[in-house]
Every structure is written in structure tokens, then in C-alpha cells.
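Undergrad: Got a predicted model here, sequence first, then my questions.
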Amino acid sequence: MKIALLGYGKMGKAIETIALQRGHTIVIKTSKTDNYTITDADVAIDFSIPSAAFGNISNCINNQVPVISGTTGWLDQYNDVVSLCKKQKGAFIYASNFSLGVNIFFELNETLAKMMSKLTDYKLDIEEIHHTQKLDAPSGTAITLAEGIIKNNDAYKGWELDKANNNNIPIVAKRIPEVPGTHTISYTSPIDTIKIEHEAHNRQGFALGAVIAAEWIVDKTGVFTMKDVLNIG
Ligand SMILES: NC(=O)C1=CN([C@@H]2O[C@H](COP(=O)(O)OP(=O)(O)OC[C@H]3O[C@@H](n4cnc5c(N)ncnc54)[C@H](OP(=O)(O)O)[C@@H]3O)[C@@H](O)[C@H]2O)C=CC1
Ligand SMILES: O=C(O)C1=N[C@H](C(=O)O)C[C@H](O)C1
């Protein structure tokens, strides 16, 4: 498969390594304002920056190149991408986290949220820790976790960064050098604490999941998620 890497930073480089190991070719690697012809690629993988994601994804969809995006912090424009993809009969996947482990963690989180929904003594919080170069907070993964809880527990209506208001889930975002990504969900009562945690040891899981998603989408049309790719949940 001929792959375009839209964004050739930490993730773009990790994806390149795995894509080459799996027999693919990288035909485009972009940073900032590079010029390129997207139709040279069979599929595009966008891991760029929040302000560039929408333009990168739209360009692929308008040129009938299937695209997967892992860029976080641009989701106010997600519905516009979905509409464009339907109009152009394109193919698109966004995931806040492409790793298999985190996608299992998402399922575990929803099951636990359902179980905890009747136990009102427990106070909930989400903590995410990432490297200091991360541009957005909270992480996309923490937002997906919060949405999974809101869907399964009527006590919560939204989320807030660093605050604990009654109906909102507090998300604490910490930035520590070199941390690839750690997410912890804690339910604390006066008696005990129940915690679930996912700790990425490196970026390989994100990169492998992104390449698997690119292999999966290449001959499809529509808007999909990692649940479709991994067939879980
Ligand atoms: N969904 C998931 O599984 C994961 C998602 N992420 C997300 O992926 C994104 C990238 O992360 P990471 O690789 O660590 O970040 P980096 O900062 O290391 O890389 C970002 C890259 O995007 C490039 N870039 C800037 N503007 C554009 C543009 N207009 N078009 C294309 N590329 C551009 C930058 O170029 P330059 O160097 O020239 O500025 C840089 O190479 C983030 O949003 C992060 O949250 C990260 C890990 C996993
Ligand atoms: O910026 C990162 O590094 C990561 N970003 C994603 C997010 O915002 O959830 C996924 C992963 O945690 C690493």
C-alpha cells in the first residue's frame, strides 16, 4: 500500500517504522506547509496538529483518498468531516487512541461506569499524563473516556478540566517529560478507591493500530471507528 503521512513528527516516524515492517511504502511525508499531490497515495494517515487536521482530512476526502486521523484537539469540526465524507462518498476513521490496549480499556471503562452508576458514595475523576510537548488538554483519550462514562451513568452530564462540579466529570491533565500517555479513572468513597489505568510504555501501540486501520479502510466507503476495525464491543 502507498501511504501518505500527513504529519511527520513523533507519531509519523513511529508509523513509518511499522508501515515499512508490514511491507508498505511511504510516498508522502509532510510537515507544516509542504506541497504534495495526495492522489499519489492509496491511503493517508494524519497525525499532525489541531489547526491542520481538518484541512488535511478534507483534502484527502475531496480527492477520494481514504484517510485515518489520530490528531486530537480539532473535534469541533468532526461533524463537518462526516458530512463531507458522506457527500463525497469518501472513507474516514478518527480515533482519539488507536492502540488495541486503549480500545479494550474504553470497553472496560463503559462496563465499570454502568456498574458504578447506582453507587452514589463514589466520587469520580479522570487523570491523564502526557509529555510536555503535547499541544492539547485534556487528551483526546480522556475525552473519549469521559464520553463513555456519560453514556452509561446519568449522574454525569459533561466534563471539565481541573474542576469538580456536581454533574461534570473532573479531568486532571498533567504534563511530565517523555510520558507517552497514561490514563487513570478513579472512583473514591470514604471506604475505598476503585481504579482502572492504561499506561502506554511507548508509541508502538498507537502506530500499529493506525497502520492496521489504514490497511482495513483502503477498499471501503463511509465513516468508521476503531470498534469497526477491531470488531470489539
Ligand atoms: N490517536 C492516537 O492514537 C494518538 C494521537 N496522537 C495525536 O497525534 C498528533 C501528533 O502527535 P505527535 O506526532 O506526538 O506530534 P509532533 O508534534 O511530534 O508532530 C506533529 C507533526 O505535524 C506537523 N505539522 C504541522 N503542521 C502541519 C500541517 N499543516 N500538515 C501536516 N503536518 C503538519 C509538524 O511539523 P513541524 O515539525 O514542521 O512543525 C510535526 O511534524 C497530536 O494531535 C496527538 O495528540 C498522538 C499519539 C497517539
Ligand atoms: O499527544 C499524544 O502523545 C497522545 N495523544 C492522544 C490523546 O490526546 O489522547 C493519544 C495518546 O494518549 C498520546
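TA: Okay, I see it. Ligands and ions are numbered 1, 2, ... in the order given.

Undergrad: Verify the assumption that Ile3 is located in a strand.
TA: Yes. The assignment for Ile3 is a strand, going by DSSP: H, G, I helix; E, B strand; the rest coil.

Undergrad: quick one: it and ligand 2, what's the gap?
TA: 20 Å (CB to the nearest ligand atom, to the nearest Å). To be clear about C-beta, it is placed using only N, CA and C from the backbone, and glycine gets the same treatment.

Undergrad: Near that residue, how many other residues are there?
TA: 24 (other CB atoms under 10 Å).

Undergrad: ok, it - contacts?
TA: Ala19, His24, Thr25, Ile26, Val27, Ile28, Ala41, Asp42, Val43, Ala44, Ile45, Ala214 (CB atoms under 8 Å, 6 or more residues apart in numbering).

Undergrad: Where helices are concerned, which of these count?
TA: Ala19, Ala214 (DSSP state H).

Undergrad: closest to Lys163 among the contacts of Ile3?
TA: Distance to Lys163, by CB to CB, is smallest for Ile45 among the contacts of Ile3, at 34.8 Å.

Undergrad: Please verify my assumption that that closest one contacts Ile15.
TA: Yes. Applying CB atoms under 8 Å, one finds Ile45 in contact with Ile15, separated by 5.8 Å.

Undergrad: Just the buried residues of stretch 153-171, please?
TA: Buried positions in stretch 153-171, judged by neighbour count with 16 or more other CB atoms under 10 Å: Asn153, Ala155, Tyr156, Trp159, Asn168, Ile169, Pro170, Ile171.

Undergrad: Any chance of a markdown table for those residues, columns pLDDT?
TA: Output for the buried residues of stretch 153-171, formatted as a markdown table (pLDDT from 0 to 100):
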| residue | pLDDT |
| --- | --- |
| Asn153 | 95 |
| Ala155 | 93 |
| Tyr156 | 94 |
| Trp159 | 96 |
| Asn168 | 94 |
| Ile169 | 97 |
| Pro170 | 97 |
| Ile171 | 98 |
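
Undergrad: If we only consider the residues you listed, which is nearest to ligand 2?
TA: Ranked by distance to ligand 2 (CB to the nearest ligand atom), these are led by Ile171 at 11.3 Å.

Undergrad: hang on, the closest one in a strand?
TA: Yes. Assessed with three-state DSSP, Ile171 lies in a strand.

Undergrad: Hmm, Ala146 and it touching each other?
TA: Yes. Look at Ile171 against Ala146 with CB under 8 Å: they come within range, at 6.3 Å.

Undergrad: Name the residues contacting each of Ile45 and Ile15.
TA: Leu5, Ala210, Val211.

Undergrad: between those residues, which has the most around it?
TA: Result: Ala210 is most packed of the shared contacts of Ile45 and Ile15 (other CB under 10 Å), 30 neighbours.

Undergrad: contacting residues for that residue?
TA: Going by CB under 8 Å, 6+ apart, the list of residues near Ala210 reads Met11, Ile15, Ile45, Phe47, Ile68, Gly70, Phe98.

Undergrad: helix or strand for it, which one?
TA: helix 204-217 (DSSP states H and E).

Undergrad: okay, the most centrally placed residue in the chain: pLDDT?
TA: The residue lying closest to the centre of the chain (CA atoms, centre = their mean) is Ser96, at 1.0 Å. With respect to pLDDT, Ser96 has a value of 98.

Undergrad: Give the closest residue to it in space, chain neighbours not counted.
TA: Leaving aside its sequence neighbours, Ser96 sits nearest to Gly140 (CB to CB, 6 or more residues apart in numbering; 3.2 Å).

Undergrad: Tell me how far the one you found lies from ligand 1.
TA: Taking CB to the nearest ligand atom, one finds Gly140 at 6 Å from ligand 1.
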